[in-house]
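Q: sequence first, predicted model second:
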There are 2 protein chains.
Amino acid sequence: MDRLKLFGDSRSGNCYKVALLLKLTKTPFAWVETDIMQGATRNEYFLALNPNGKVPLLLWPDGRRLAESNAMLLHLSRDTPYFPRDHWQQALVWQWLFFEQYSHEPYIAVMRFIVAIAKREAEEAGRLVALRQKAHQALAVMEGVLKNSPFFAGDYFTVADIALYAYTHVAAEGGIDLLGYPAVLSWIERVAVQPGHLTMAEACC
Amino acid sequence: MDRLKLFGDSRSGNCYKVALLLKLTKTPFAWVETDIMQGATRNEYFLALNPNGKVPLLLWPDGRRLAESNAMLLHLSRDTPYFPRDHWQQALVWQWLFFEQYSHEPYIAVMRFIVAIAKREAEEAGRLVALRQKAHQALAVMEGVLKNSPFFAGDYFTVADIALYAYTHVAAEGGIDLLGYPAVLSWIERVAVQPGHLTMAEACC
């Protein structure tokens, strides 16, 4: 029988978020490797699925399609332990998901993309200086929260942690040193020992 | 009695979103004008409220604080007609809220900020060229949806429309011509005639 398909690039943290949650919730799916660097998100076939030309993309057997990794996290975590029942904690999950996409990913993920995937560190040296300053601002905000709370929405691991973990734990690949953020480092260790945790390579396949 | 406070800059579309929804849902609140250009989001008082240094910010009388405009839209639209009950339509609302913050606001709102608020059009001419290309990409995605649907999550006006309307309807202030997007222009008119609709100046006060 036809299964849910996840179109993703296996080096992408945004795609890892969704693959990890699907595996944590034991939701059957087929991974469709979609190589960003080879233009696989920009051809006619893919643009018909997602006119915004981005992975991840979820495609259900009945033809429904969903873009935006954090929208997928919310949809797939409904009625699971990864989304809180308390209304205020739900609001905090939403807050951190939007923080991740606006104030974190555009700096921390983009630095890793430039350095480790596109391998354009020398050509983009000036841009990296500006990105680094914003990346450290995001990390300082995270450090402030994690000094007082084990996870982003309180005492339990939620999709807010999955979203922020995806690119934070590989920030070093973009040249970002996390040594100044001990609470972030402890949180990374806490996330990595959650029951059923998988690495990017283990989840994205 | 102490009321909910909304810290906002009255020229900001992100702040307008939240003020509009609060007024549509008849939620009492006090608007606290917070002038970005005068550094009011960067002083010690404000950074203690929101370490990420951004408006809008919601502050409840019991001390709870919520950042991120689209997280506020989700929290405040709970059990109102502005958030759908159908699970798939909810997923679409989430998708468009993340699209807005990642693929729309950083281009369309930032162009308006540079041109109309910071008044740095000449100094930032090169950057505006790059932003314009991405702004039009976002508008083309919106046009594709609105050709086939009156609103972003289907037949009804939701917080996804509030979020995308906030900066789209003032895109011209950033030098973006919407004439090539007839379905977007019709949708702007449809949003503006929703019962209880208020302009930015009417809502942000």
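A: Cool, got the structure.

Q: phi, psi for residue A:65 please.
A: Dihedral pair for residue A:65: phi -130, psi 140, per degrees, to the nearest 10.

Q: what stretches of chain A score poorly on pLDDT?
A: Within chain A, the segments meeting pLDDT under 70 span A:1.

Q: write out the residues of it neighbouring chain B.
A: With the criterion set to Cβ under 8 Å from any Cβ of the partner chain, chain A comes near chain B through A:51-52, A:54, A:64, A:66-71, A:74-75, A:78, A:87-88, A:90-92, A:94-95, A:97-99, A:101-103, A:105-106, A:137, A:140-141, A:144. Placement of C-beta: from N, CA and C, glycine included.

Q: ok, 7 Å please
A: Neighbours of chain B within chain A, by Cβ under 7 Å from any Cβ of the partner chain: A:51-52, A:64, A:66-68, A:70-71, A:74-75, A:78, A:87-88, A:91, A:94-95, A:98-99, A:101-103, A:141, A:144.

Q: can you map out the strands along chain A?
A: A:4-8, A:29-33, A:57-59, A:65-67 (DSSP state E).

Q: with mean neighbour count added, can I get the ones you listed in CSV?
A: CSV is the format used below for those (neighbours: other Cβ atoms under 10 Å in any protein chain shown):
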stretch, mean neighbour count
strand A:4-8, 21
strand A:29-33, 15
strand A:57-59, 24
strand A:65-67, 20
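
Q: can you tell me how far residue A:42 is from residue B:104?
A: 19 Å (Cβ to Cβ, to the nearest Å).

Q: more neighbours, those two?
A: A count of neighbours by other Cβ atoms under 10 Å in any protein chain shown puts residue B:104 above the other of residue A:42 and residue B:104, at 26 against 11.

Q: dump the residue contacts of residue A:96.
A: Listed by Cβ atoms under 7 Å, 6 or more residues apart in numbering or on different chains, the contact partners of residue A:96 are A:152, A:153, A:160, A:163, A:164.

Q: and those, which is closest to residue B:4?
A: Nearest to residue B:4 among the contacts of residue A:96: residue A:153, at 20.9 Å, using Cβ to Cβ.

Q: so what does that closest one look like in phi/psi?
A: The phi/psi pair for residue A:153 (degrees, to the nearest 10) is phi -100, psi 20.

Q: do the same with the one 5 residues further on
A: Main-chain torsions, residue A:158, degrees, to the nearest 10: phi -130, psi -180.

Q: show me how the record splits chain A into domains.
A: Per automatic domain parsing, the domain ranges recorded for chain A read A:4-81+A:199-203, A:87-192.

Q: tabulate those domains (a markdown table), appending distance to residue B:36.
A: Formatted as a markdown table, those follow (distance: least, Cβ to Cβ, whole Å):
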| stretch | distance to residue B:36 |
| --- | --- |
| domain A:4-81+A:199-203 | 25 |
| domain A:87-192 | 15 |
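
Q: could I get the contacts of residue A:96 as CSV with neighbour count and distance to residue B:195?
A: Shown next, in CSV, are the contacts of residue A:96 (neighbours: other Cβ atoms under 10 Å in any protein chain shown; distance: Cβ to Cβ, whole Å):
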residue, neighbour count, distance to residue B:195
A:152, 27, 37
A:153, 25, 34
A:160, 27, 34
A:163, 29, 35
A:164, 29, 39
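
Q: in helices only, show me the residues you listed.
A: A:160, A:163, A:164 (DSSP state H).

Q: name the nearest of these relative to residue B:187.
A: residue A:163 (29.5 Å).

Q: residues contacting the nearest residue to the closest one once chain neighbours are set aside?
A: Leaving aside its chain neighbours, residue A:163 sits nearest to residue A:100 (4.6 Å; criterion: Cβ to Cβ, 6 or more residues apart in numbering or on different chains). Residue A:100 is in contact with A:70, A:163, A:164, counting by Cβ under 7 Å, 6+ apart.

Q: how far away is residue A:18 from residue A:58?
A: Relative to residue A:58, and taking Cβ to Cβ, residue A:18 is found at 7 Å.

Q: got any residues that touch both of those two?
A: A:6, A:72.

Q: what's the single longest helix in chain A?
A: Under DSSP H, chain A gives helix A:125-146 as its longest helix.

Q: now it: buried residues?
A: Under the neighbour-count criterion of 16 or more other Cβ atoms under 10 Å in any protein chain shown, helix A:125-146 has A:128, A:131-132, A:134-136, A:138-139, A:141-143, A:145-146 buried.

Q: contacts for it?
A: Residues contacting helix A:125-146 (Cβ under 7 Å, 6+ apart): A:103-104, A:107-108, A:110-111, A:114, A:121, A:152, A:164, A:176, A:181, A:183-184, A:187, B:51-52.

Q: mind doing that once more with 6 Å?
A: Contact with helix A:125-146 is made by A:103-104, A:107-108, A:110-111, A:176, A:181, A:183-184, A:187, B:51-52, as judged by Cβ atoms under 6 Å, 6 or more residues apart in numbering or on different chains.

Q: buried set for stretch A:158-176?
A: A:158-171, A:174-176.

Q: now distance to residue B:197 too, for the contacts of residue A:96, in CSV please.
A: Below are these laid out as CSV (distance: Cβ to Cβ, whole Å):
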residue, distance to residue B:197
A:152, 35
A:153, 33
A:160, 33
A:163, 33
A:164, 36
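
Q: which one of those residues sits closest to residue B:30?
A: Using Cβ to Cβ, residue A:153 is the member of the contacts of residue A:96 that lies nearest residue B:30, at 26.9 Å.

Q: the closest one and residue A:89 touch, don't they?
A: Yes: here residue A:153 lies in contact with residue A:89, judged by Cβ atoms under 6 Å, at a distance of 4.6 Å.

Q: ok, the closest residue to residue A:77 other than its chain neighbours to chain B distance?
A: Leaving aside its chain neighbours, residue A:77 sits nearest to residue A:83 (3.9 Å; criterion: Cβ to Cβ, 6+ apart). Residue A:83 sits 12 Å away from chain B, taking Cβ to the nearest Cβ, to the nearest Å as the criterion.

Q: how deep is residue A:83 tucked in, by neighbour count?
A: Neighbours of residue A:83 (other Cβ under 10 Å): 20.

Q: sounds good, over and out.
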